[in-house]
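S.K.: Coordinates for the following, if possible.
(one chain, ligands or ions: 1)
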Amino acid sequence: MNLVLLGAPGAGKGTQAEKIQHALNIPILSTGNLLRQAVAAGTELGRKVEALLDAGSLVPDELVCSLVAERLKQPDCAHGVIFDGFPRTLQQAQALDGIVHVDAALSIEVDDDTILHRMSGRRTCPKCQASYHVTDNPPKTADVCDKCGAHLSIRHDDEPATVRSRLAVYHKQTEPIKEYYSAQGKLKKVQGQPKLSDTVRLVSEALGVAL
Ligand code: ADP
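M.R.: Modelled structure (predicted):
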């Protein structure tokens, strides 16, 4: 199954993606993580996109699409992929349709004020990319990744001003994609809940998958 996750930055796509990954045994393809890895590794692509990431602006479609096409060539993608943070523009959605068959698009709906609260408490593992929240989804030991033991950090682009511009980018450039998938009968909407386990239940019902 090829599944697209839609939702504002901080809506909880990454957290739901991890649950779905374990249930379906298919990998997560997060363009945000791939781009951050390129920046950390100092590759040519990384140098090109670093300033855009820090500003919360979108990376050009052709760069992101070729990154995705490369990743999809790996054998672990053969039985399906969970797309997290991609597509983010109508052009990317159209390009994706040219590479794989998208089975469903799940939109996690969360209002902007809730997003701003969540992002201010977000902590990310710089090593394995796992994501936590200081109060809503804390690691077992404060500031330490449950999965790999690395020290958690705050992403540069989780600063409130940058979050506001990322939300504006989301509403303008990414939200129209919902209409695109809705017209194909593939859109499933879920209202993000204050409690993580409640959102997981709604996602499970929407996808018809035990999570
Ligand atoms: P978020 O937490 O906002 O969902 P991501 O980790 O998905 O963030 O992405 C972080 C940044 O990486 C974005 O603000 C953008 O600069 C860049 N990016 C990620 N995915 C895409 C994409 N599909 N198209 C363009 N830019 C992207």
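S.K.: Show the backbone phi and psi for Val102.
M.R.: phi -80, psi 120 (degrees, to the nearest 10).
S.K.: So for it, what's the nearest residue that isn't a sequence neighbour?
M.R.: Asn2 (5.2 Å; CB to CB, 6 or more residues apart in numbering). All C-beta spots, glycine's among them, are computed from the backbone N, C-alpha and C.
S.K.: Now do stretch 71-83, average pLDDT.
M.R.: Averaging pLDDT along stretch 71-83 gives 96.
S.K.: in which helix or strand would I find the residue in the chain positioned nearest to the ligand?
M.R.: The ligand sits closest to Gly32 of the chain, with a gap of 1.9 Å, by CB to the nearest ligand atom. Using DSSP states H and E, Gly32 falls within helix 31-41.
S.K.: CA atoms of that helix as PDB?
M.R.: Taking Å, rounded to 0.1, in the frame of the first residue of the first chain, the C-alpha atoms of helix 31-41 are listed here in PDB:
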ATOM      1  CA  THR A  31      11.400  14.100   2.600                       C
ATOM      2  CA  GLY A  32      12.100  16.400   5.600                       C
ATOM      3  CA  ASN A  33      14.400  13.700   7.100                       C
ATOM      4  CA  LEU A  34      16.100  13.000   3.800                       C
ATOM      5  CA  LEU A  35      16.800  16.700   3.300                       C
ATOM      6  CA  ARG A  36      18.000  17.100   6.900                       C
ATOM      7  CA  GLN A  37      20.300  14.100   6.400                       C
ATOM      8  CA  ALA A  38      21.700  15.700   3.200                       C
ATOM      9  CA  VAL A  39      22.400  18.900   5.100                       C
ATOM     10  CA  ALA A  40      24.100  17.100   8.000                       C
ATOM     11  CA  ALA A  41      26.200  15.100   5.600                       C
END
